[in-house]
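In: Test case, fold it:
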Amino acid sequence: MIRILIADDHLIIRQGLRLILETEEGFDLVGEAADGAEALKLCAELHPEVVLMDLLMPNMDGITAIEKLRQTQPEIAVVILTTFNEDDLMLRGLRAGAKGFLLKDTDRATLFDAIRAAARGETLLKPEIMARLLTQLSVPVSPASPFNLTDREKEVLAAVALGERSKEIALKLNITERTVKAHLASIYNRLGVDSRAAAIAIAAQKGLLDERQN
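Out: As a prediction, this is how the structure comes out:
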């Protein structure tokens, strides 16, 4: 059973998610929070594996809660609940340590897949949403980038931004899956992050993906 906690200040969102999750085997909704502070309290008490986290909440926002969870309970996977008009907040949330994000009007199958992927420690980002997000928020960076990614690392990073998994990237670039993981480890080290989501967020903000496209 995957233990799940919902953090959203809108009761109707929490009720809707509860009804959906109760229809699927393998999920255990252990708690609901109306703001970030309550989410932190419940996480400490209930130890969920996955938190579905809204970003705009009173008292303590979702981004602050994600940052604090990363410090106190880094084993908990956070999936951002968002809408189409929160692009900048999404990137900040990913950079803070979230595993990925879900639109609040997402379909059941995508919701279930994202929760299971997060519980496994994977990052699940819908390619079409990520592409739109990166297109809108990427900014040019000078050729003298301080990160000094290799051409191959930029190829791997670009593929990750499209939502491709290690096995798919390996086939695409004609390298082994182990080599892909080695490139990812190097990318994380250069960018100072520890997840695919955070790497994409940094790359988008610094224009590294645009650099690869040019």
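In: check contacts around Met90.
Out: 55, 80, 82, 101, 133 (C-beta atoms under 8 Å, 6 or more residues apart in numbering). (C-beta placed from N, C-alpha, C; glycine too.)
In: May I have stretch 16-34 as CSV, with CA atoms only?
Out: Extracted C-alpha coordinates of stretch 16-34, given in CSV (Å, rounded to 0.1, in the frame of the first residue of the first chain):
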residue,chain,number,x,y,z
GLY,A,16,-12.4,14.8,-5.2
LEU,A,17,-8.9,13.3,-4.8
ARG,A,18,-10.1,11.2,-1.9
LEU,A,19,-13.0,9.7,-3.9
ILE,A,20,-10.7,8.9,-6.8
LEU,A,21,-8.0,7.3,-4.7
GLU,A,22,-10.5,5.2,-2.8
THR,A,23,-11.5,3.5,-6.0
GLU,A,24,-8.0,2.2,-6.7
GLU,A,25,-6.3,-0.7,-4.9
GLY,A,26,-2.9,-0.2,-3.5
PHE,A,27,-3.4,3.4,-2.2
ASP,A,28,-4.0,4.4,1.4
LEU,A,29,-5.0,8.0,2.0
VAL,A,30,-3.6,8.6,5.5
GLY,A,31,-4.3,12.3,5.9
GLU,A,32,-5.4,15.7,4.5
ALA,A,33,-4.0,19.2,5.2
ALA,A,34,-5.3,22.6,4.4
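In: hmm, who's touching it?
Out: 1-9, 11, 14, 39, 41-42, 45-46, 48, 52, 57-58, 108, 111-112, 115-116.
In: same question for that stretch, mean pLDDT?
Out: Averaging pLDDT along stretch 16-34 gives 95.
In: Put together a markdown table for the contacts of Met90, with pLDDT and neighbour count on each row.
Out: Below are the contacts of Met90 laid out as a markdown table (pLDDT from 0 to 100; neighbours: other C-beta atoms under 10 Å):
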| residue | pLDDT | neighbour count |
| --- | --- | --- |
| Leu55 | 90 | 25 |
| Ile80 | 91 | 26 |
| Thr82 | 82 | 23 |
| Phe101 | 82 | 27 |
| Leu133 | 60 | 23 |
